[in-house]
Structure formats: structure tokens, C-alpha cells
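Have a look at this prediction, sequence included:
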Amino acid sequence: MNEDKLREIVQAVVAQMAAGNEKAPVVESKSGAAVKSVSVDDRDIEDITTEEYMKKILVPNPKDAKAYRAFRDSTPARIGVWRAGDRPLTETIIRFRADHALAIDSVFSAVDEKFVDDLGLLKLQTKVKDKDQHLTRPDYGRELSADSMKLLLEKCEKKPQLQIIVSDGLSSKAIEANMKDILPAFMQGLKVNGIKVGTPVFVKYGRVGAMDDIGGALGAEAAIMFVGERPGLVTAESMSAYMIYNPRKGADEAERTVVSNIHRGGTPPIEAGAHLATLIKRILDAKASGINMEK
Amino acid sequence: MSIEEFKLLSAGIDIGTTTTQLVISELTMKNRLPGARIPKIEITEKKILYQSPIYMTPIIDHKEVNAIALKDIIEKEYQKAGFSLTSIDTGAVIITGETAKKENAEKIIHQLAEFAGDFVVAVAGPELESVLAGKGSGACDYSRHHMKKVVNLDIGGGTTNIAVFYNGNVEDATCINVGGRLIEIDESSERISYISKPAKIFIDTFGLDIKNGARIKLNELEVFCDKMVELTEQVLKGQQVLPALQEIIMGTPLKRDNGYDCIMFSGGVAEYIYGNEVEEGRLFKYGDIGILLAKAFNRSSLTKQIKLLVAENTIRATVIGAGTQSMGISGSTVFVKPDMLPIRNIPVAKIHWNEFPKDEAGIKENIIAVVKRYDGSLKHNALAISLPCPKELSFENIERMAGGIYCAWQEAMDYTKPLVVIVEKDVAKVLGQTIQIRSGGEMKFICIDSIHVNDGDYIDVGRPLSKDDVVPVIIKTLVF
């Protein structure tokens, strides 16, 4: 999905460039006659949207290629990208922009409704009306709308041991990329540890604080929120899980336990799911979360 | 979820052909990913607290270890160091070179059983020895810090242990019967007092005039040493050796194109390669040809063509390696049941597939095909299986793996013995929990990750080191 999207963007960019350059380039041939190139053949153009591309070392003659390879493989950062004069190469800058575009898309797109239905989550929304408001009024994102609050109280089990909340946060893609794997692993882990869950919900336009509102309204003993992280240039699919004991409005941020960087290239979502179940067990046993657990 | 740092006391005991030594060190472990990440516990510091003097290994008639005398040495050293047996958490007794013959090893293990604190175990095997020596000498660290290919030669009395490192990883290892004590000399009478079997092979092959009881001929002994160095060179270059000398090579041959950037020497002989002054007229001070062998290495092309590095530890390289490097730790999210631990000397069956099997049955068959070979070895009290992970780490694939493992266990494994499941990628916790659910809790197993093992290895798994269940693991290539 990630790669397809990138490819689309690059194709669109290339198409635009071609359109803005309608006069076909004129090339001097060896004989001195002007040759007109007629069509654009992209077979020899490298696909820069692949994961493999990001592993390439573009430095032409590295002194120690093996060492460079070891460095390159040790970080997702853009090293070994070479330069043209004192500027970046065109292809690396296109890839950079494509990654940036993907990050923006991830913030501005919504989690597919069908995806939410497939996970069997009750659909709720915060006081936020649209994307722009979501970004400019974080305070609205911490409370459910009146309609959603009514729905929550109507449909959800009261006083659950653990309330599960899923929210788009700042990356819808993070939710779509990770939930299918993390949720079953997490639920299974809860089962192994004998922890009971209430009715899981999905919150559109959510911020982390929404878990306090929801957990508090239901009187949950503990709550966990899976939320999309602000996307970066390495991945737009990174997700966090916030946990709190005794969720309620006005809880301190320091009361939250968090596991971040859950994505394919970070902590594998399945292993994270199992680990989170253990953390929840510890939180319930300690009757505390976040900084209070260290006391 | 920050994890405090914690420390372990580790003992290393090296019982070699010529010398016996002990070191006690302190290993510090820390969570390298504190804060909002899944913990990643690593060994961050190794500090040597005590080094024993170097004892001559008590050997009777060039064959048999005097295990009781050995026990006395070690007992005394523990006392001198000021550590009680119970305070030692981990470590290794390593029995090397000629001493590692089966009868000897068994006797030593028996005598030292009470020293085997909570997690001190016996390890041996020529290749593992080579690796530990190279880690103890500093060759491994140098290769990582400088991104160079470093070969370490640990030259002892009976054997030379060779290990090749690149960027902190072991690339190759072997062991040859080249050492400073293959011929023994009575210093006062200047007569040869003992010729070992490997020495005899060299003498016969090259027609040298070296006879037991005869007065030494320096020239002949020098040629003898040159021939040993020549063989070492051939082995390092991965060249064919004379058929008559084949027996000298104890491990698997090295790869042909290793292309070393640097060479490092450790072991007793190394001290003289690095220029220890030879006292006037005391060439045979140690009653053997060690110093001559060092000189032969010095004049060879090995030390001229390859950049010579000075080792951090020479004669103590192996014991330091054994004390500080033999224990590894699992990933920090694993599935273990503390009451099943520790378990020791578990043979590892490595499962292979080119492509992740399409269903549970496929996985089951792959496991059974390999596990069958271990049917006969009933004396083992458990079995470990190491499985490759699917490329796509989806929950569905984990369920398939768990199902396959459970079915294979039901069909082909001993119910009464625990199973250790090993995976390389960080999925042990979820895989373990899935197996647990699938088997309805009836299966006795643990599941650990981030461990690299080979077919035929043996492993020991200790009790969890922290609340995050990280377990110490020792991988060895031989058990007695």
C-alpha cells in the first residue's frame, strides 16, 4: 500500500514535468545534426519508490564500501545519498518529497470505515468537526461529542476491567497498517493473563486525552489507547499505545505508560501486542500506571 | 517502563594443556531503550575483578589430568578472590587443547560440580575456544571499532586456536595442533624429554633429527618450528596442506579468501612474539619450545605481510573470553516459565524451509523431519528447536507457526520433557503465548528470541534476570 502510493505520487510528478516541457528535448548527435527525441521511455529510469532504494549507497567510489554498507544498514536515516555540487541529487530529493507527501497524506486521510467495521469497533467521534479543526483544536479532540457520549453509554459495558480505544490521532495509515496484527496478539495476551475487556471503540479525530473521557465515563479500571503517531520521513505507519490506570478527566500526563514506535520497521506489532498485555497485567496488579508504577 | 541496571558476577576457569587460570568479572546489564520503547537489555560493561596467577595444569604422564589437584587450585583461588561459590551467577569452565579429551573432561566436570554455581557450566570445543580467545584478546572489539578483518591466533601449549572477526562478528574459526609444548625439553641437561604425537608427525614428515632423550640440536628445532608456522600460514590462507599433516588440523578448514587486514596473537607464546626479552641462555626456560616457536612466527611473512596488532590480553585471553563472553542474553520480550529454569545441555535442532510453509501441516512436517534425528538421544533432558521466521510478521503467520509446533510436539516429541523454541526475530512472546493458548496449557515449553544458534549446538538457559523475563543463554558446541 505504501509503495503503491509512492509510485502514484512519483508518476504524477513525472507526468507534470513532462507536461511542462512540451517541446521535446533537442539533443546534438555526434554527426552534428539535431535529433528530436520522440517518446519518453522510462524502462531505464530507476524506481526510487522501493524499500531497496533506501538501502542504496549513492556515493560513487567509497573508500571502504563494506564499512559504508554496515553504516547504511544500521540506520533508516538518509546517509550515503551523495550530492550534485553542493546540492542533493535530483532522485534523492524526489524521494524525500514523496516521503513527505506520504506523511502529509497520512495526517489528512481518514481511517477507512469498513476497516473499523471489520475490527468490530463501535464508531465514535470527538467534538472535532473536520480535519482542519482536528489539527488546530487539540482540546476538542480530547472529548467525545454529545452524540458519541450518548452512544458510548448506551452500547458499552460499564465498569470494565480494561477499556480498549483505537484512534486515528495524527496518522490514519498507522492504524490501518498495524491494528490487524496487534489486536489479536493483544487480546490473546489478555486472555492468557485472565484480563477482561469491555466493548472496544474507535474514535475519529481523537487525541490521547480522549481515553480519559471515555474510560472515565464508563468507570473502567484501566484503559488503553492505540493511536497513530505524528508521521515522520522514515515511516508514516508508526503507532503508540498509551495506558492508564483509573482513567478520568484531568488525569496527569505522567500517569500514562506508553509504548511507541510500533510499526514494521520498529517493534513488530504482533510482539508489541503480547508485550502490552503483560504491561496491562502489571498495571492492574500495581493499581497504578506511568510514573506511579515506579513508586 | 525504565529498567534499572543490574550486575552479575561471572567466573571463567580455563583448564588448558599447559596452564590453568581463573578470572572473576562483573557484567553490567542495562536497558538500552528506556522510556517509551520495548526494553532492550544488553551487556554494557565487563569489568575484571580478580585474576588468578597462572598455574601449570596438573597432568600425570602427559595424559591424565589430576582432577583433585585441580580442584585444590580452584578452591584456593576462590578463597583468595574473596568470593563464595554461591555469589557467582554465571560463567564457564572451559577445558581446552589436549586436556579436552573425553575421560579428562568427565573427571574435571565431576570434581568441579560443586563449583558450578547457579549457572556456571562446562564448555569446550575447538572452534568455540578460538572464538572466546579472540574475544578475550581484543581482536573482536578491534574488528568492530576499525571495521577491519582481524584474525586472532591463540597459541598455547598444545593447540593454536584461530578465529576471524569482521565488524565484531565471527566469520570463521578453526583449531590446529600447533603449540609451544609439543616438544618438551629438560633445561639443565638440554635433552628432549617428551615428543607429543602431533610433533612426531612433523618430525617424520620432514625427516628431522629430533629424538626423545637425545641432546637438542637447535637448528633442527628451529626448522621444526618453521614447519609449524608454514602449516599455520597454509591453514590461514585456506590452502591445501600435505596429506601427512592433515591430522594436525582439528577443526574445519578456513575459507580460502579471508583476506585479513590485521593479525593478532594471544596465548602464552604470544608474549614472546610481542617482544618479551629472552633471558641470556634461557631459551628453554619453560621446558619447551614455546620461545623458539614465537621467534619462528616473528621471522615469518605472517607478521610482515599482515598488519600486526598488539593484543590487550595474551596468555589470559581465553580465560577472560570464557569469563566475560560466553554468556549471551535473550531478547527482552520472551515467553518463559521461571520454574522450568535453568535447563542445561539442550541439543539444538535447526529447522529449515526455503519458503514459509503454506499451512500448519507443512510446518509440522518440517519440524518432524529434523526432530526425528534426535530420537535416539534420550539421555538429553530436553530438546530445543530453532525456527526461521516468516518475512511477513503477521498474526496469521504466527498462529500458523504455533499450530505447526504444537502438532509436531503432539505427534513426535516426548511429552514429559520440556521444549525450547528459539526464533531469531523479536516475536518470542507472541509466539509463546499463541502456543500456550493453542495447546490449552498442556505443553511444557519456553520460547526465546534474538539468539543465533547452529544445528548441533547445545544451549543452557538460566533463570530470568529481570522482571522483563530476559534470560541468560550460553551456546556451546560440545557437551560431556
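Sure, I can see it.

End to end on stretch A:82-98, go ahead and measure it.
One end of stretch A:82-98 sits 18 Å from the other (Cα to Cα, to the nearest Å).

Tell me where chain A has helices.
A:2-19, A:65-73, A:90-108, A:113-118, A:131-136, A:146-155, A:172-192, A:210-218, A:269-286 (DSSP state H).

can you put those helices in a markdown table and add distance to chain B, mean pLDDT and mean neighbour count?
Quick note: C-beta positions are derived from backbone N, CA and C, even for glycine. Compiled in a markdown table, these are given as follows (distance: least, Cβ to the nearest Cβ, whole Å; pLDDT from 0 to 100; neighbours: other Cβ atoms under 10 Å in any protein chain shown):
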| stretch | distance to chain B | mean pLDDT | mean neighbour count |
| --- | --- | --- | --- |
| helix A:2-19 | 14 | 73 | 14 |
| helix A:65-73 | 4 | 90 | 14 |
| helix A:90-108 | 20 | 93 | 17 |
| helix A:113-118 | 14 | 96 | 13 |
| helix A:131-136 | 23 | 95 | 14 |
| helix A:146-155 | 26 | 97 | 14 |
| helix A:172-192 | 5 | 95 | 23 |
| helix A:210-218 | 16 | 97 | 24 |
| helix A:269-286 | 4 | 95 | 23 |
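
what about the ones you listed, which gets the closest to residue B:170?
Nearest to residue B:170 among the helices of chain A is helix A:65-73 (15.4 Å), distances taken as Cβ to Cβ.

Mind listing what's buried along stretch B:51-65?
Buried residues in stretch B:51-65, counted by 16 or more other Cβ atoms under 10 Å in any protein chain shown: B:51, B:52, B:54, B:55, B:57, B:58, B:59, B:65.

isn't the fourth one right next to residue B:73, touching?
Okay, so that is residue B:55. Yes. Between residue B:55 and residue B:73 there is a contact under Cβ atoms under 8 Å: 5.3 Å.

which residues are common contacts for these two?
residue B:20 (Cβ atoms under 8 Å, 6 or more residues apart in numbering or on different chains).

Can I get the longest strand along chain B in CSV? Just the C-alpha atoms.
Of all the segments of type strand in chain B, defined by DSSP state E, the longest one is strand B:19-31. Coordinates of each C-alpha in strand B:19-31 appear next as CSV, following Å, rounded to 0.1, in the frame of the first residue of the first chain:
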residue,chain,number,x,y,z
THR,B,19,48.1,-23.7,32.2
THR,B,20,45.1,-23.3,34.4
GLN,B,21,43.7,-19.9,35.2
LEU,B,22,40.6,-18.3,36.8
VAL,B,23,39.1,-14.8,36.5
ILE,B,24,36.1,-13.3,38.1
SER,B,25,34.4,-10.4,36.4
GLU,B,26,31.4,-8.3,36.8
LEU,B,27,29.0,-7.9,33.9
THR,B,28,26.7,-4.8,33.9
MET,B,29,23.4,-5.0,32.1
LYS,B,30,21.3,-2.1,31.1
ASN,B,31,18.2,-1.3,29.2
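
quick check: mean pLDDT across that strand?
Averaging pLDDT along strand B:19-31 yields 90.

what would the helices of chain A look like in TSV with distance to residue B:397?
Formatted as TSV, the helices of chain A follow (distance: least, Cβ to Cβ, whole Å):
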stretch	distance to residue B:397
helix A:2-19	19
helix A:65-73	24
helix A:90-108	25
helix A:113-118	19
helix A:131-136	35
helix A:146-155	33
helix A:172-192	9
helix A:210-218	30
helix A:269-286	9
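
Near chain A, which residues of the stretch 251-400 of chain B? Just list them.
B:333, B:335, B:393, B:394, B:395, B:398 (Cβ under 8 Å from any Cβ of the partner chain).

same thing but at 10 Å, please
Counting by Cβ under 10 Å from any Cβ of the partner chain, the stretch 251-400 of chain B comes close to chain A at B:331-335, B:389, B:392-399.

which pair in those residues spans the largest distance?
B:332 and B:396, at 24.8 Å, using Cβ to Cβ across these.

quick one, which of the two is more surrounded?
residue B:332 (26 against 13; other Cβ atoms under 10 Å in any protein chain shown).

which SSE is the more buried one in?
Element membership for residue B:332, per DSSP states H and E: none, as it lies in no helix or strand.

List the buried residues in the longest strand of chain B.
For strand B:19-31, by 16+ other Cβ under 10 Å, it's B:19, B:20, B:21, B:22, B:23, B:24, B:25, B:26, B:27, B:29, B:30, B:31.

From the residues you listed, pick the one nearest residue B:429.
Nearest to residue B:429 among the buried residues of strand B:19-31, with distances taken as Cβ to Cβ, is residue B:31, at 16.3 Å.

ok, whichever residue of the stretch 51-200 of chain B sits closest to chain A to residue B:406 distance?
Residue nearest to chain A within the stretch 51-200 of chain B (Cβ to the nearest Cβ): residue B:147, separated by 4.0 Å. Separation of residue B:147 from residue B:406 (Cβ to Cβ, to the nearest Å) stands at 44 Å.

Next: residue A:58.
For residue A:58 relative to residue B:406 (Cβ to Cβ), the value is 48 Å.

Just want to know which of those two has more residues nearby.
Comparing residue A:58 with residue B:406 by other Cβ under 10 Å, the one with more neighbours is residue B:406, at 23 against 14.

give me every residue that touches that one.
B:360, B:363-364, B:434-440, B:442-443, B:445 (Cβ atoms under 10 Å, 6 or more residues apart in numbering or on different chains).

same thing with residue B:156?
B:14, B:16-19, B:96-98, B:129, B:133, B:178-181, B:266-270, B:290, B:315, B:317-318.

Any idea how far stretch B:22-37 is from the middle of the chain?
In terms of Cα atoms, centre = their mean, to the nearest Å, the centre of stretch B:22-37 is set 21 Å apart from its chain centre.

for the stretch 101-250 of chain B, which spans come out with low pLDDT?
B:102, B:113-124 (pLDDT under 70).

need the residues of it near chain A, please.
B:144, B:146, B:147, B:148, B:149, B:166, B:167, B:168, B:169.
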